[in-house]
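# Fold the following for me, if possible:
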Amino acid sequence: MSSLASRALALAAVAALAIVLAIALLGGGDRSGQPGSAGPPDPLGYGSASERELAAAAARGNAHVLYAKLPGGARESAERTARWRAQVERAADSAGVEADELEALVLLESAGRDDAIADPRLEGAVGLTQILAETGRNLLQMRVDPAQARRIGRSLARAAGRGDSALVDRLRARRMRIDERFDPVKALAGTARYLRIAKRELARNDLAIVSYHMGIGNLQGALRDYGESDISYVRLYFDSTPRRNAGVYSRLAALGDDSATYLWRVGAAREIMRLYRTDPDRLDRISVLQNAKNSAEEVLHPSDRTERFATPAQLRAARDAGTIVALPSARLAERGLQIDPGMGELAARLGRSRSLYRGLREPALALLEYLGAAVKRLSRQEPLVVTSTVRDERYQRVLLRRNREATPNYSLHTTGWAFDILRSYSTRLQALAFEFMLDRLQSRDLIAWVREPGAIHVTVSADARRLVGLLDDR
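Below you'll find the model as predicted:
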């Protein structure tokens with residue numbers, strides 16, 4: 001691990017520990033891990049849906065990063081990965097795991113590229129299943145020689161530059177012998193050995209897959225903190241928050257390398273492979289939507305299927321019909337939210353009142369209130385400042401003249417499904433609590449969010465309608 005990576009992990013550990021300790025000092029920690037001492041049950045917590053539904057939502061909610069980073073796009077990466085299916089099936093059979101799951105791991109780790117390299121020194125992740133040099137040598141008994149493999153790699157680059165394909169093939173074969181991580185069959189066999197070892201230690205296939213990125217020891221530590229070992233990862237993840245099973249949450253958050261969401265991204269990769277085989281046109285459409293913006297907001301609300309408000313008159317009609325609900329300032333204040341006085345400041349240029357541009361669709365408003373109340377409860381700090389909600393397209397065009405961050409294309413603000421929260425917080429604890437809630441709501445596939453220079457831009461799924469009225473009963 002590089003010194004930079006070590007420093008990043010150390011900082012993440014400090015941040016995670018800070019939020020847990022601060023909440024404990026405020027008296028909010030639930031040491032028992034049982035409902036009650038941390039307040040009423042969370043309507044979106046573990047147990048609010050089946051484990052299968054929770055895992056599927058988490059896979060959808062965490063899919064954007066995969067679509068955004070797959071080289072050549074989802075279909076091309078899936079095609080490369082599918083070429084290894086026969087070898088994947090043999091390795092999966094020997095490991096006692098599903099071939100679809102191991103194939104998804106390959107897509108996630110290397111996008112089907114047997115020569116994928118994460119670290120130019122070759123001490124880090126290499127090959128079809130991105131095996132670390134240390135893991136390959138010490139745990140998997142593979143032949144791993146990064147120094148010689150680097151030298152061969154330089155010769156490969158020169159041969160490829162000259163167009164000497166015969167020499168390229170010989171050098172590739174030689175590198176596979178020198179460093180077996182570059183041999184796709186042996187890399188898959190090594191990964192199968194790892195999964196067998198992990199399953200023996202952890203007793204579950206899902207935990208074995210999680211440990212491929214997190215490490216067996218780290219996952220065992222989280223299970224010890226939870227107090228049970230024979231549980232699913234769905235339960236471990238969704239039943240651990242800064243207030244409930246705080247030790248588990250702290251340990252997972254301190255890893256700082258997306259280990260906590262690895263299983264969900266494997267699930268997203270598995271769905272990509274399924275669509276590649278059964279409905280490639282749908283895969284292409286989803287890929288376009290996933291890559292349209294810096295979040296999955298257009299997946300939640302595609303432009304060709306979502307009502308937009310073109311003019312102030314259309315927005316006023318939506319307000320009158322109840323399609324758009326005015327922001328209730330007093331109720332928001334009770335839930336740790338404040339309306340930015342500048343919201344709707346360009347309304348006068350359109351001959352309208354600022355109040356017209358202070359509203360959301362009812363499910364989006366319900367989620368905003370849920371988010372604010374949860375952050376307030378976690379941090380005991382307030383308020384979060386809501387800077388922007390609904391607009392019409394005419395307002396958007398006026399905004400473009402003074403804000404280069406505003407999109408000239410399809411804006412989710414013109415649908416009433418999006419809001420922005422100012423990136424200025426009362427304390428570090430409030431910022432951490434806010435980020436925790438964003439990540440969890442994303443893992444429930446209820447939002448897509450992205451950091452902008454001055455604000456967090458949040459788009460709310462229509463499925464958030466389940467939150468309407470829930471806070472009034474709590």
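
# isn't Val398 right up against Leu346?
Yes: using C-beta atoms under 8 Å, Val398 is in contact with Leu346, at 5.0 Å. No exception for glycine: its C-beta is placed from N, CA and C like everyone else's.

# Those two: which has the busier surroundings?
More crowded of Val398 and Leu346, by other C-beta atoms under 10 Å: Leu346, with 19 against 16.

# Please verify my assumption that that one contacts Arg401.
No: Leu346 lies out of contact with Arg401 (C-beta under 8 Å); the separation is 9.2 Å.

# which ones are touching the residue nearest to the spatial centre of the chain?
For the chain, the residue nearest the mean C-alpha position is Asn62 (3.5 Å; C-alpha atoms, centre = their mean). Residues near Asn62 by C-beta atoms under 8 Å, 6 or more residues apart in numbering: 261, 264-265, 268, 442-443.

# what about the residue nearest to it when sequence neighbours are not counted, which SS state?
Excluding the flanking residues, the one nearest Asn62 by C-beta to C-beta, 6 or more residues apart in numbering is Trp264, at 4.2 Å. What DSSP: H, G, I helix; E, B strand; the rest coil gives for Trp264 is helix.

# Which pLDDT value goes with Trp264?
At Trp264, the model reports a pLDDT of 98.

# May I see the buried residues of stretch 281-297?
Counting neighbours by 16 or more other C-beta atoms under 10 Å, one finds that the buried residues in stretch 281-297 are 283, 286-287, 289-293, 295-297.

# Please name the spatially closest residue to Ala366 (chain neighbours excluded).
In space, and not counting its chain neighbours, Ala366 is closest to Leu467: 4.1 Å by C-beta to C-beta, 6+ apart.

# Any idea how many residues pack against the one you found?
Neighbourhood size, Leu467 [other C-beta under 10 Å]: 22.

# Quick check: the gap between it and Leu368.
Leu467 sits 10 Å away from Leu368, going by C-beta to C-beta, to the nearest Å.

# Also Thr278?
Distance of Thr278 to Leu368, computed by C-beta to C-beta: 37 Å.

# more neighbours, these two?
Taking neighbours as other C-beta under 10 Å, Thr278 and Leu368 compare with Leu368 leading, 24 against 9.

# mind checking the SS state of that one?
helix.

# Show the contacting residues for it.
By C-beta under 8 Å, 6+ apart, the neighbours of Leu368 are 332, 337, 360, 386, 419, 458, 460.

# Touching, the third one and Phe419? I think so.
Same thing as Leu360. Yes: using C-beta under 8 Å, Leu360 is in contact with Phe419, at 6.3 Å.

# Overlap in contacts, these two.
With C-beta under 8 Å, 6+ apart as the test, Leu360 and Phe419 both reach 368, 389, 460.

# Shouldn't Leu108 be within a strand?
No: read with three-state DSSP, Leu108 is helix and lies in no strand.

# Give me the neighbour count for the residue nearest to it when sequence neighbours are not counted.
In space, and not counting its chain neighbours, Leu108 is closest to Ala269: 4.3 Å by C-beta to C-beta, 6+ apart. By other C-beta under 10 Å, the residues close to Ala269 number 28.

# now swap in Pro453 and tell me
Neighbour tally, Pro453, other C-beta under 10 Å: 7.

# Next: Trp417.
With other C-beta under 10 Å as criterion, Trp417 counts 27.

# What pLDDT is listed against it?
For Trp417, the model assigns a pLDDT of 98.

# do you know how far the closest residue to Gln290 other than its chain neighbours is from Ala269?
Nearest residue to Gln290, sequence neighbours excluded (C-beta to C-beta, 6+ apart): Tyr67, at 3.6 Å. Using C-beta to C-beta, Tyr67 is found at 10 Å from Ala269.

# just Tyr249 next, same as before
Distance from Tyr249 to Ala269, counting by C-beta to C-beta: 25 Å.

# Repeat that for Thr323.
37 Å.

# show me the contacts for the residue nearest to Gln290.
74, 272, 286-287, 290-291.

# Please identify which pair of these lies farthest apart.
Using C-beta to C-beta, the contacts of Tyr67 span at most 13.2 Å, a distance reached by Ile272 and Asn291.

# For my notes, confirm Gln338 occurs in a strand.
Yes: Gln338 sits within a strand when classified using three-state DSSP.

# low-scoring pLDDT stretches of this protein, where are they?
1-41, 473-474 (pLDDT under 70).

# one more time with 80
Low-confidence segments of the chain (pLDDT under 80): 1-41, 404-406, 470-474.
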